[in-house]
Every structure is written in structure tokens, then in C-alpha cells.
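J.: 3D, please:
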Amino acid sequence: MDKVLKKMIQDGKDKKQNERIENLEKLINDKNKPQEQKTEETKGTIRQSVIALYFLRQANCFPKQTGENTRDANFIFFLTGLNPDKVRKQISNPFNRPDNSSKKAVLKLIHDVTIVRNQFEMISFTAGVELADMKLSELHNDLGSFD
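T.: The predicted structure follows:
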């Protein structure tokens, strides 16, 4: 009877050790698998969407039509589902900051342009990346004036 009991205990320990080894192997295999590049945010904000459209227009990827903010807002709504009224208000000046003397406002704008730039980079839209880099350089210069 003791031998049977000892055998059952040993089998239980072996089973737990085997489970631990399998879990460790799975963790190691998962870690070694290439990870998909994650985007910074899964859904862009209104400002980020408007900035992206602005850069697309600057790169001559869309026909430039003046006074068509409503049409542009509806296009962004079609692509993103963002409220077209709020988008339309932002389109007239995509880089508008509520308080131009605020370092925090400039930092938020830098954040938004950087996100748009990274999205352009992921789809290899080099003209958009270059335009975003120029704007980021301008914003960093603005940021330097707060020191």
C-alpha cells in the first residue's frame, strides 16, 4: 500500500513538473515569435485625422478645393466615424492651439503630429513623413521659446 501511495505522490509531482516545463516552453516560444508592430493608438482623435488630411492635401494626394470644409469633414466621417461637425470646426486650422502661450498646448500638438507621422511611416507615405517632420521641427522651435 505504501508503494502505491508513494507512486501516486511521485506521479502527481511529475505531472506538476511537466506542466511547469510545458508552460515555460510555451512562454519561451511566445517570446521568440516576432511581434506585430502595435500602433500608438488604435483610433485617431479628431485633430489627428484633420492633421493627416492636411498633410495629404499638402503632398498633393487630394485635389485642393478651397471652402470645402464640410465635404472634407464628411470624408473624414466616412473613414473614421468621427463627428463631422466637430471635424469641420477643426479643419479650418488643424494646428490651432487654444492657448498659443502654453507649453502644454505645444506638447499636445507635437504628440498629435508625431502620431500622424508614425501612421504615415507605417504605410510608407514618405511625402507625409517629410511634411510631418518639417512641422515637428517648427513646433520644437516654438517649444524652445518657452525656456
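J.: give me the below-cutoff pLDDT ranges for this protein.
T.: Residue ranges of the chain with pLDDT under 70: 1-42, 63-67, 98-101, 147.
J.: how is it divided into domains?
T.: The chain resolves into domains spanning 1-35, 46-144 when parsed by automatic domain parsing.
J.: which strands or helices does the strand or helix carrying Glu130 pack on?
T.: Applying DSSP states H and E as the criterion places Glu130 in helix 126-144. When contacts are defined as 3 or more CB pairs under 8 Å, 6 or more residues apart in numbering; DSSP states H and E, helix 126-144 sits against helix 46-58, helix 103-122. In this view, the C-beta of every residue, glycine as well, is placed from N, C-alpha and C.
J.: who touches that helix?
T.: Under the criterion CB atoms under 8 Å, 6 or more residues apart in numbering, residues 52, 55-56, 58-59, 61, 95, 103, 106-107, 109-110, 113-114, 116-117, 120-121 lie in contact with helix 126-144.
J.: CA atoms only: put it into PDB for me.
T.: Extracted C-alpha coordinates of helix 126-144, given in PDB (Å, rounded to 0.1, in the frame of the first residue of the first chain):
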ATOM      1  CA  THR A 126       7.300  59.400 -47.400                       C
ATOM      2  CA  ALA A 127       5.900  62.800 -48.500                       C
ATOM      3  CA  GLY A 128       3.600  62.800 -45.500                       C
ATOM      4  CA  VAL A 129       6.500  61.800 -43.200                       C
ATOM      5  CA  GLU A 130       8.600  64.700 -44.600                       C
ATOM      6  CA  LEU A 131       5.800  67.200 -44.100                       C
ATOM      7  CA  ALA A 132       5.200  66.000 -40.600                       C
ATOM      8  CA  ASP A 133       8.900  66.200 -39.800                       C
ATOM      9  CA  MET A 134       9.000  69.800 -41.000                       C
ATOM     10  CA  LYS A 135       6.000  70.700 -38.800                       C
ATOM     11  CA  LEU A 136       7.600  68.900 -35.900                       C
ATOM     12  CA  SER A 137      10.800  70.900 -36.400                       C
ATOM     13  CA  GLU A 138       8.700  74.100 -36.400                       C
ATOM     14  CA  LEU A 139       6.900  73.100 -33.200                       C
ATOM     15  CA  HIS A 140      10.100  72.200 -31.400                       C
ATOM     16  CA  ASN A 141      11.400  75.600 -32.300                       C
ATOM     17  CA  ASP A 142       8.200  77.100 -30.800                       C
ATOM     18  CA  LEU A 143       8.800  74.900 -27.700                       C
ATOM     19  CA  GLY A 144      12.300  76.400 -27.300                       C
END
